[in-house]
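Visitor: Sequence isn't available, so here's the structure alone:
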């Protein structure tokens with residue numbers, strides 16, 4: 001009896017081992033397929049976005065694009081005519097990961113189409129952003145995700161001055177460093193009660209008023225998503241907007257790419273071993289001096 005029981009037990013163990021091995025192989029293959037799909041999605045999204053570092057006629061631009069997972073819920077874009085920068089945008093889809101990344105790719109085309117058509121029809125950035133909101137509501141179907149974002153449009157240069165207009169949909173206010181005044185301010189509407197709402201919610205009241213701004217040589221515009229300001233250190237203290245303001249104030253004399261690297265190095269030192277929990281995108285735009 002003991003010999004029979006042992007043989008039966010051994011047979012069962014072999015059978016279960018073979019079954020587990022087969023399931024493990026299936027699982028390994030599924031993981032391999034998922035990783036390959038994610039790698040493809042990452043490549044597609046990265047190729048979908050314009051270059052991170054660009055020199056335009058009046059601007060030097062440097063961009064950090066740091067997904068917390070394989071794909072990012074952030075998106076940015078330039079709007080140009082040859083070497084002239086007409087406009088720039090930065091948007092942030094709620095959440096992160098694959099589903100947020102898919103919405104960025106849908107939204108990028110919608111934003112581009114609405115900007116180019118709006119520019120041709122002489123619409124304000126406020127009207128263009130309203131149209132973006134309406135278009136995304138129609139296209140994103142059942143998804144409960146939403147977007148925040150800023151859209152900037154630049155007029156032709158007059159002497160040293162390039163005038164711009166911005167509209168914001170619930171996004172962190174960009175920072176503007178003025179070389180003439182050696183000061184930093186947020187680019188936001190004068191009456192906060194009249195600037196409200198986000199993109200992508202049907203029957204949700206929104207107001208994206210035009211915000212006027214002027215830039216001169218050596219001025220800097222810093223746009224960012226809240227992934228950077230909400231990153232915390234070991235004491236759970238966020239890096240915060242003040243962290244960006246202090247660094248921009250201290251290192252404004254650097255090039256756009258140098259300022260970007262300085263801020264990223266400072267953020268890395270600040271958070272230490274704490275994990276970054278949200279996608280980070282940061283755009284440094286520095287007005288070029290006359291050649």
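Guide: Here it is on my side, so go on. Predicted, not measured: the structure shown is a model, and the values here were computed from it.
Visitor: which residues sit in contact with residue 130?
Guide: 206, 208 (Cβ atoms under 8 Å, 6 or more residues apart in numbering). For glycine as for every other residue, the C-beta is placed from the backbone atoms N, C-alpha and C.
Visitor: Quick check: it is in a helix.
Guide: Yes: with DSSP: H, G, I helix; E, B strand; the rest coil as the criterion, residue 130 is part of a helix.
Visitor: Name the residue closest to the centre of this protein, please.
Guide: residue 74 (3.0 Å; Cα atoms, centre = their mean).
Visitor: ok, how many other residues are close to the closest residue to it other than its chain neighbours?
Guide: Closest residue to residue 74 apart from its sequence neighbours, by Cβ to Cβ, 6 or more residues apart in numbering: residue 281 at 4.0 Å. Neighbours of residue 281 under the rule other Cβ atoms under 10 Å: 24.
Visitor: Is residue 281 within a helix or a strand, and which one?
Guide: Using DSSP states H and E, residue 281 sits in strand 280-287.
Visitor: Can you give the distance of that strand from its chain's centre?
Guide: Distance, stretch centre to chain centre, for strand 280-287: 11 Å (Cα atoms, centre = their mean, to the nearest Å).
Visitor: Same check on stretch 262-274?
Guide: The answer for stretch 262-274 is 18 Å, by Cα atoms, centre = their mean.
Visitor: Flag every buried residue along it.
Guide: Within stretch 262-274, the residues that count as buried by 16 or more other Cβ atoms under 10 Å are 262, 263, 266, 267, 270, 271.
Visitor: Could you dump these into JSON lines and include secondary structure?
Guide: Shown next, in JSON lines, are the buried residues of stretch 262-274 (three-state DSSP):
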{"residue": "262", "secondary structure": "helix"}
{"residue": "263", "secondary structure": "helix"}
{"residue": "266", "secondary structure": "helix"}
{"residue": "267", "secondary structure": "helix"}
{"residue": "270", "secondary structure": "helix"}
{"residue": "271", "secondary structure": "helix"}
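Visitor: still on that earlier bit, for beta bridges, what are the partners of the residue nearest to the centre of the chain?
Guide: Per DSSP bridges, the residues bridged to residue 74 are residue 92.
Visitor: Distance-wise, check it relative to residue 124.
Guide: For residue 74, the distance to residue 124 equals 25 Å [Cβ to Cβ, to the nearest Å].
Visitor: just residue 114 next, same as before
Guide: 12 Å.
Visitor: So for these two, which sits in the more crowded spot?
Guide: Applying other Cβ under 10 Å to residue 114 and residue 124 shows that residue 114 carries more neighbours, namely 22 against 15.
Visitor: quick one: contacts for the more buried one?
Guide: Contact analysis of residue 114 by Cβ under 8 Å, 6+ apart lists 128, 131, 132, 135.
Visitor: so is it in a helix, a strand, or just coil?
Guide: helix.
Visitor: So for it, what's the pLDDT?
Guide: At residue 114, the model reports a pLDDT of 96.
Visitor: what's the answer for residue 12, then?
Guide: On pLDDT, residue 12 comes in at 69.
Visitor: And for residue 217, the neighbour number?
Guide: The tally of other residues near residue 217 (other Cβ under 10 Å) stands at 15.
Visitor: residues near the closest residue to it other than its chain neighbours, how many?
Guide: Among residues not flanking residue 217 along the chain, residue 289 sits closest, at 4.5 Å (Cβ to Cβ, 6+ apart). The number of residues packed around residue 289, counting by other Cβ under 10 Å, is 11.
Visitor: Please, which helix or strand holds residue 289?
Guide: Following DSSP H and E, there is no helix or strand that holds residue 289.
Visitor: Relative to residue 131, how far out is it?
Guide: Distance of residue 289 to residue 131, given as Cβ to Cβ: 36 Å.
Visitor: Flag the shaky bits of the stretch 51-200 of the chain, pLDDT-wise.
Guide: Low-confidence segments of the stretch 51-200 of the chain (pLDDT under 70): 97, 141-143.
Visitor: Which stretches in it count as strands?
Guide: Residue ranges of the strands in the stretch 51-200 of the chain, as given by DSSP state E, counting those that start in this stretch, are 53-55, 59-66, 74-81, 84-93, 147-154, 162-169, 175-178, 183-186.
Visitor: right, and these - which one's nearest residue 196?
Guide: strand 162-169 (9.1 Å; Cβ to Cβ).
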